[in-house]
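Asks: Need coordinates for the below:
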Amino acid sequence: MAVDSATDHVVTTGWPSPFGVRTRLVASSALMLFVELALIRWTGSNVVHLSYFSNFVLLGSFLGIGIGVLRSGRAKRLPYYSPIMLGLLVLVIAWKPVTVNRGSSSSVIYFTSLNTTGPPVWVILPIIFVAAAVVLAGPAELVGRCFAELPRLTAYRFDLVGSLIGIITFTALSFLGAPPIWWGLIVTAVFAVLMIPQSSGAGRRAVATALSAAMVLAPLLVMLGVLFKESTKADNSWSPYYKVQTKQYTWEGVPLLTITVNGVPHQQAIPADARLQWEPQYGLPYERATAGKQPKNVLIIGAGSGSDVAIALKKGAQHVDAVEIDPRIRDLGKALHPDRPYQDPRVSSHIDDGRAFLSRTDKKYDLILLALPDSLTLVNGASSLRLESYLFTQQAFESARDHLNPGGAFAMYNYYRETWLIDRLASTAQQAFGHKPCVDKIGDGLQQAVVTVGLTEQDQNCSAEWAGATAETPPPATDNRPFLYLFTDRIPSLYLVTLGLILVAGLVGVGIAGGGSSYRRMRPYADLFLLGAGFMLLETKSITGFALLFGTTWVVNAIVFAGVLVAVLAAVEVTRRFKTPPIKVMFAVLFGGLVLSWVFPDSWLLGMPVGLRALVAVVIAFLPIFAANVIFAKRFTDTADGTASFGANLLGAMLGGCLEYAALIIGFHGLLIIAALLYVGAFLLTPKVRSVAK
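Replies: Below you'll find the model as predicted:
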């Protein structure tokens, strides 16, 4: 590989590139982030097991990116393996998707309660993890080649710009509800531009160009065929969160709309009269709440396609605030629900996170209802919070209590599957309201239950008193540990085994990719490895913190991801353009930022007005991120081996992704302690060669 300094064009394996190295670096980085996000979305929509491992594809991506960067200095050919593996992965998953077998029950939303179709978890998850690593290694290798041709911070700067472009592009497509075929077209176009060389003349060069085009385009055309078929199915559509499938039919003369998301039966749009006749338990909150009086103002969180809204109107509500986080599901209900509840003038529809809506409104209600806000997972992964993560904590119940009118009540219902889960929610309500709630269990193996609690004990009308929590009942979930479905206070063995295998795969993969020299090359950059792990935990803490403060919507998550990259880019620009304090001073600023985050937790910020809350949250969250990346930028500038040092940092991020699961034990706030320990290690391992500011 050689650089033409006059034109800034690169000759790769004998072919001139039409683009300068900076352009190729931006395009490669954008492709890398875009493919990562697309894989997370698409595999999650077709393999239901990934609901258990929300950052599984992310960890595989980090491993692949680290390996790709390390390979870039010794690879003699372009990474054709990447599009080939991408095509194969899409083909395999489309051939054998993992979905829920509905069976005889049409109302079940817990995939753990039903049989799944497709390959077992121990087969499909390793395939996805390895495939994600191989796919992402290709764009990362292209990025690494560009890093070798530019000054360190210049390369890192354009890498961040490309990453921002990738995130913004995918976010825009999510906003537009674009189906996967558009994701595939963008990926195919960028791969083709970066990896199919320009042919000048005939002979061997033209043949080589044709072979290169075939290796890139053939598997990607297979991918496009699969995505086109999926995207053009009449009953498929895409929300920012899910692949949504709908089916309309009539049963016993009643029109029904069934909605399935990511292969899991999710909800049905049923006329209110039929719903109350077939399943009278959905009317129980109105009988138990306010001692049987008709509630005038009702808030429904998890309004979905509108069945619960229709029931509230049937029960005499004069006004209903219907909060639903997924715009596509709300729009389907608006267009197709037989009762047309969203068209009723008494209904105000809000696309928002339920907890965030409560934190921003001053309205009071006679009844607040959590209406089947469905969970598809056992625990909440830190990198991709389940949408209702903060709805079932003790603090959330207290927030609902504070939004009730005198005589009002709070209620929830769902298929809870486990007695301990029903008791946990009832115990949480008891602690938040100060008295026992009403608990109505519906007699089937799915353990459907209705939990209703009045503002005072006189504001509820129970058929029988709840027996109370037992010695086996877990304590209430909290905002720090919002893991409602985690029974124990330990990390489940399933996660420990899986994470252990991921780390082993990382060690083996890095050794193979580097031809035995990877660890020797990375050994001097152990501090950068720890910086990468610590940064991942800071990013996780920021994402979860902002999810609590402003909602777990896709918009909030996208803004936080972009904000983290902007903070990193700002750190690079400041380091490039100005004299910055010595690394020791920046470590002091970093630790000061961690102390600030510890002293002022997210729960303290929740009491602030929204504007002030946003300002303070940004300062607290991004100060340590900014300081950590100034440290990285200063250290990265002086490294002798740019690709090895950058690869070490990326592989450290993979370790940080595994350490996220420690939050299951110590909570998200406790991740600050682990991050601090990682940064202490990085400080101790930083070479003491710089004593003056740069």
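Asks: Can you give me the pLDDT of the residue nearest to residue 550 when sequence neighbours are not counted?
Replies: Among residues not flanking residue 550 along the chain, residue 556 sits closest, at 5.0 Å (CB to CB, 6 or more residues apart in numbering). Backbone N, C-alpha and C define where each C-beta goes, glycine included. pLDDT for residue 556: 82.
Asks: helices or strands up against the host helix or strand of residue 556?
Replies: Following DSSP states H and E, one finds residue 556 within helix 554-577. With contacts taken as 3 or more CB pairs under 8 Å, 6 or more residues apart in numbering; DSSP states H and E, helix 554-577 sits against helix 152-175, helix 526-550, helix 610-637.
Asks: what helices or strands is the shortest one leaning on?
Replies: Judged by 3+ CB pairs under 8 Å, 6+ apart, the packing partners of helix 152-175 are helix 21-46, helix 121-147, helix 180-195, helix 554-577, helix 610-637, helix 642-659.
Asks: list the buried ones in the helix or strand following the fourth one?
Replies: Same thing as helix 554-577. Next helix or strand after helix 554-577 toward the C-terminus (DSSP H and E): helix 583-599. For helix 583-599, a neighbour-count test (16 or more other CB atoms under 10 Å) marks 583, 586-587, 589-591, 593-594, 597 as buried.
Asks: Tell me which of the helices and strands packed on helix 152-175 sits nearest to residue 459.
Replies: The minimum distance between residue 459 and these falls on helix 610-637, with 30.0 Å, by CB to CB.
Asks: Residue 434: which of the helices and strands packed on helix 152-175 is closest?
Replies: When these are compared by CB to CB, helix 610-637 sits nearest residue 434, at 27.7 Å.
Asks: which helices and strands does the closest one pack with?
Replies: Judged by 3+ CB pairs under 8 Å, 6+ apart, helix 610-637 is in contact with helix 152-175, helix 526-550, helix 554-577, helix 583-599, helix 602-605, helix 642-659.
Asks: let's go with 10 Å and repeat that
Replies: Using 3 or more CB pairs under 10 Å, 6 or more residues apart in numbering; DSSP states H and E as the contact test, the elements touching helix 610-637 are helix 152-175, helix 354-360, helix 526-550, helix 554-577, helix 583-599, helix 602-605, helix 642-659, helix 663-685.
Asks: now the fourth one against helix 610-637, angle please.
Replies: With axes from the mean of the first three to the mean of the last three CA atoms, to 10 degrees as the criterion, the two stretches helix 554-577 and helix 610-637 enclose an angle of 40 degrees.
Asks: Return helix 554-577 as CSV; C-alpha atoms alone will do.
Replies: Coordinates of each C-alpha in helix 554-577 appear next as CSV, following Å, rounded to 0.1, in the frame of the first residue of the first chain:
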residue,chain,number,x,y,z
TRP,A,554,-35.6,5.5,20.7
VAL,A,555,-35.2,9.3,20.3
VAL,A,556,-33.6,9.7,23.7
ASN,A,557,-31.3,6.8,23.1
ALA,A,558,-30.2,8.1,19.7
ILE,A,559,-29.5,11.6,21.1
VAL,A,560,-27.4,10.1,23.9
PHE,A,561,-25.4,7.9,21.6
ALA,A,562,-24.8,10.9,19.3
GLY,A,563,-24.1,13.1,22.3
VAL,A,564,-21.4,10.7,23.5
LEU,A,565,-19.7,10.8,20.1
VAL,A,566,-19.9,14.6,20.0
ALA,A,567,-18.3,14.8,23.5
VAL,A,568,-15.5,12.5,22.3
LEU,A,569,-15.1,14.5,19.1
ALA,A,570,-15.0,17.7,21.2
ALA,A,571,-12.2,16.2,23.3
VAL,A,572,-10.2,15.3,20.2
GLU,A,573,-10.7,18.9,18.8
VAL,A,574,-9.6,20.5,22.1
THR,A,575,-6.5,18.3,22.2
ARG,A,576,-5.6,19.0,18.6
ARG,A,577,-6.1,22.8,18.8
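Asks: For it, buried residues please.
Replies: For helix 554-577, by 16+ other CB under 10 Å, it's 554-558, 560-561, 563-572, 575-576.
Asks: Equivalent analysis for the last one, please.
Replies: By neighbour count with 16+ other CB under 10 Å, helix 663-685 contains the buried residues 663-664, 667-672, 674-676, 678-679, 681-683.
Asks: out of the helices and strands packed on helix 554-577, nearest to residue 141?
Replies: Of all the helices and strands packed on helix 554-577, it is helix 152-175 that lies closest to residue 141, at 13.3 Å by CB to CB.
Asks: Was I right to think residue 558 contacts residue 169?
Replies: No. Under the criterion of CB atoms under 10 Å, residue 558 makes no contact with residue 169, lying 11.2 Å away.
Asks: who touches both of the two?
Replies: residue 37 (CB atoms under 10 Å, 6 or more residues apart in numbering).
Asks: Any idea how many residues pack against residue 603?
Replies: As a burial measure, residue 603 scores 14 neighbours (other CB atoms under 10 Å).
Asks: check contacts around it.
Replies: 395, 478-480, 548-549, 669.
Asks: The closest residue to residue 140 other than its chain neighbours: helix or strand, and which one exactly?
Replies: Nearest residue to residue 140 in three dimensions, chain neighbours excluded: residue 68, at 2.8 Å (CB to CB, 6+ apart). In this assignment (DSSP H and E), residue 68 forms part of helix 56-71.
Asks: got the angle for that helix vs helix 642-659?
Replies: Using the same axes, to 10 degrees: helix 56-71 against helix 642-659 is 160 degrees.
Asks: Helices of the stretch 301-450 of the chain, residue ranges please.
Replies: Under the criterion DSSP state H, counting those that start in this stretch, the stretch 301-450 of the chain contains helices at 307-314, 327-336, 354-360, 394-402, 419-433.
Asks: that older thread, with residue 171 as the reference, measure out to the residue nearest to residue 550.
Replies: Distance, residue 556 to residue 171, using CB to CB, to the nearest Å: 11 Å.
Asks: on that earlier part again, of the helices and strands packed on helix 554-577, give the one that comes closest to residue 502.
Replies: When these are compared by CB to CB, helix 526-550 sits nearest residue 502, at 13.7 Å.
Asks: Output the contacting helices and strands for that closest one.
Replies: Partner elements for helix 526-550 (3+ CB pairs under 10 Å, 6+ apart): helix 56-71, helix 354-360, helix 554-577, helix 583-599, helix 602-605, helix 610-637, helix 642-659, helix 663-685.
Asks: What residues does the residue nearest to residue 550 make contact with?
Replies: Residue 556 makes contact with 353, 356, 543, 546-547, 549-550 under the criterion CB under 10 Å, 6+ apart.
Asks: Out of those, who's the most crowded?
Replies: Counting neighbours by other CB under 10 Å, residue 353 leads these with 27 neighbours.
Asks: shouldn't that one be in contact with residue 301?
Replies: Yes. With contact defined as CB under 10 Å, residue 353 reaches residue 301; the gap is 8.9 Å.
Asks: As CSV, could you dump the C-alpha coordinates of stretch 41-50?
Replies: Presented in CSV, the C-alpha positions along stretch 41-50 are these (Å, rounded to 0.1, in the frame of the first residue of the first chain):
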residue,chain,number,x,y,z
ARG,A,41,-32.1,-4.3,14.9
TRP,A,42,-32.5,-7.0,12.2
THR,A,43,-31.2,-10.0,14.1
GLY,A,44,-33.2,-9.0,17.2
SER,A,45,-36.4,-8.9,15.1
ASN,A,46,-35.9,-12.4,13.8
VAL,A,47,-34.2,-14.2,16.7
VAL,A,48,-36.3,-13.9,19.8
HIS,A,49,-33.5,-15.3,22.0
LEU,A,50,-31.7,-12.0,21.6
